[in-house]
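Q: after the sequence you'll find the predicted model.
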Amino acid sequence: MINETANIYKTANLGKNIKIGAFAEIGNKVIIGDNCSIACGVFIPQNTIIGNNVFIGPHVVFTNDKHAPSRGAWRKLPPTIVGDNTSIGANSTILPNINIGPGAIIGAGSVVTKDVPPHTTVVGNPARLLK
């Protein structure tokens, strides 16, 4: 189910059984795997790859440019990759060129500034491993 108010670029590659909430934006050439749930108000720009069975909570923002305005220099950098079976809590911000490992959990409101190892939970600003 894709909400009629979601803005999805025609070049985005969406998997099967996807849910996309109201006012979400899925950018140019974004790749999203199967069985994903993307809540309302989520922003996913170009240079982002989302795996299978991923939950992205309301108002999560992915960024693709650390030093705006770079005038597109970020297109030459590695993509942000979200591994399979990952959960990202509401209002989190994911900086560009980050790898979030499979099975990771990002706590609500976290600011992810560096890679997240598989099967770990991170929380806070900046996001740190939960002990």
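A: It's in.

Q: show me where pLDDT drops low in the chain?
A: Applying pLDDT under 70 to the chain flags residues 70, 131.

Q: and the gap between residue 10 and residue 30?
A: 11 Å (Cβ to Cβ, to the nearest Å). Yep, even glycine has a C-beta here, placed from its N, CA and C like the rest.

Q: scratch that, residue 105 is what I was asking about
A: Separation of residue 105 from residue 30 (Cβ to Cβ): 22 Å.

Q: what's the neighbour count on residue 11?
A: 11 (other Cβ atoms under 10 Å).

Q: any idea which residue sits dead centre in this protein?
A: What sits nearest the mean C-alpha location of the chain, by Cα atoms, centre = their mean, is residue 62, with 5.2 Å.

Q: pretty sure that one sits against residue 94.
A: Yes. In this structure residue 62 lies within contact range of residue 94 using Cβ atoms under 8 Å: 4.6 Å.

Q: who touches both of the two?
A: residue 80 (Cβ atoms under 8 Å, 6 or more residues apart in numbering).

Q: more neighbours: residue 105 and residue 30, which one.
A: Higher neighbour count among residue 105 and residue 30: residue 30, with 23 against 19, using other Cβ under 10 Å.

Q: mind listing what residue 122 touches?
A: Residue 122 sits in contact with 104-107, 110, 112, 116, 128-130, where contact means Cβ under 8 Å, 6+ apart.

Q: so which of the residues you listed is the most crowded?
A: Going by other Cβ under 10 Å, residue 106 tops the contacts of residue 122 with 27 neighbours.
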